[in-house]
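Undergrad: Predicted coordinates and the sequence they were generated for:
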Amino acid sequence: MRDIVDDLLRVWHSGRTGGLATIVRTMGSAPLPVGSAMLVDPDGGVYGAVTDGGLEEIAYEAVLQAARTGRRAMHRYGVATGVEGSADRDGMMDVFTEPFSRRHFPEFPLVAAEIAAHRRITVFTVVWNSDTDLIGQHLITDKRHATELLALPDSDVFVASFAPPPRLIIFGANSFAAALTVQAKLLGYRVTICDSRENFAKPEKFPGAEVVVDWPHRYLNTLSAAGEIDGSTAIVVTSHDPKFEIPLLTVALRLPELGYLGAMGSRTVHTQRMEDLRAGGFNEATLARLHSPAGLAVGARTAAEIAVAIAAELLAARTEQSGRHSLRATSQPPPLKTVVGMGI
């Protein structure tokens, strides 16, 4: 839902009613993860997605009905066939549809504000209960929780947890940093660009990124001391100048945890970089943490192409850490509870 927060807020402020669909459970090879959401605004415009292919139209009609009738309901779709009501050979996904407006979700501006401020917030939504008046009720907390469907004795509750976005720090304010900012924003990163050269580090050159003028190694030390570096943080060095790069990488390689560390450059630059770091006392095991040259080998040459290659490597590192590739359920899906709740 994070990707459509601004669209939801626009509908909320309009005083009109749209429809919202959220994937609350999947099994098998669902095209999108749990928590993905789609808004149909009062004029029929679509924002976000819960599926692809032929299922899009089916899901659209279900959301449109939620907006028009105020009915809340659970739907089960087969992933391969799009048939509603059962799993198929590729699995299934359960989608909760509900009306959306300031009347149906009065607390939503708080949710949007906390997400925009990069603070944790969790939304609990009752998606099934024998008392239909409770279906669609929301509860908000700042407590950490997984995004999942909780099956309780008397109720099914979908938990949508919005953690602060992972951070990407790019050292070097240049065209590569600008292109990488665009790609990283698409992947949900909060981007910071740091460069000691004030005439290069112009905020207007990097829309959507925080721009900091400081010496790279000093800035990274400051963030580390403040506890702002963790296992989700990614660092990319786009400057090849050893007087900036080696002190910075010396700090970065000594951090206890880091999601990704990459440094751009040619093979010649890479060879000299590794020699300098070995001379600084780093062994091969530590240097193996450094992606150098940064980016998957896809033949990238331009700044935009190199940004795509680095973004792909960032994504690969992130999915490997999360173990996402191994998340394939093989058991039978639980029965679908289809009692329908009415809007307020």
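TA: Noted; the coordinates are in hand.
Undergrad: any chance you could map the helices in the stretch 201-344 of the chain?
TA: Ranges of helices within the stretch 201-344 of the chain are 216-225, 242-253, 267-279, 284-287, 303-322, based on DSSP state H, counting those that start in this stretch.
Undergrad: can you count the residues close to the closest residue to V308 other than its chain neighbours?
TA: Leaving aside its chain neighbours, V308 sits nearest to Q183 (6.0 Å; criterion: C-beta to C-beta, 6 or more residues apart in numbering). Placement of C-beta: from N, CA and C, glycine included. Applying other C-beta atoms under 10 Å, we find 21 residues neighbouring Q183.
Undergrad: one step back: who wins for proximity to D131 among the helices of the stretch 201-344 of the chain?
TA: Of all the helices of the stretch 201-344 of the chain, helix 303-322 sits nearest to D131, with 36.6 Å by C-beta to C-beta.
Undergrad: Show me which residues of the closest one are buried.
TA: Neighbour-count burial for helix 303-322 flags 303-304, 306-314, 317-318 (criterion: 16 or more other C-beta atoms under 10 Å).
Undergrad: repeat for stretch 288-300
TA: L290, H291, S292, P293, A294, G295, L296, A300.
Undergrad: what pLDDT does the fourth one get?
TA: If I follow you right, that is P293. At P293, the model reports a pLDDT of 93.
Undergrad: again, but for the last one
TA: Looking at A300, its pLDDT stands at 93.
Undergrad: Spit out the contact partners of it.
TA: Going by C-beta atoms under 8 Å, 6 or more residues apart in numbering, A300 touches I306, V308, A309.
Undergrad: try 10 Å this time
TA: Going by C-beta atoms under 10 Å, 6 or more residues apart in numbering, A300 touches I306, A307, V308, A309, I310, A312.
Undergrad: Please name the bridge partners of the nearest residue to F100 once chain neighbours are set aside.
TA: Sequence neighbours aside, L20 is the residue nearest to F100 in space, at 4.2 Å (criterion: C-beta to C-beta, 6+ apart). Beta-bridge pairing of L20 under DSSP bridges involves L39, E98.
Undergrad: one step back: farthest pair in the buried residues of stretch 288-300?
TA: L290 and A300 (18.7 Å).
Undergrad: Out of all residues in the protein, which is the farthest from the middle?
TA: For the chain, the residue at maximal distance from the C-alpha centroid (C-alpha atoms, centre = their mean) is A279, at 38.4 Å.
Undergrad: That residue and L287 touch, don't they?
TA: No - with contact defined as C-beta atoms under 10 Å, A279 does not reach L287; the gap is 11.8 Å.
Undergrad: quick revisit: next up, phi/psi of the residue nearest to V308, please.
TA: phi -70, psi -40 (degrees, to the nearest 10).
Undergrad: Look up how far F176 lies from it.
TA: Per C-beta to C-beta, to the nearest Å, Q183 is found 11 Å from F176.
Undergrad: what touches both of those two?
TA: Taking C-beta under 10 Å, 6+ apart as the criterion, Q183 and F176 both touch A304, I306, A307, I310.
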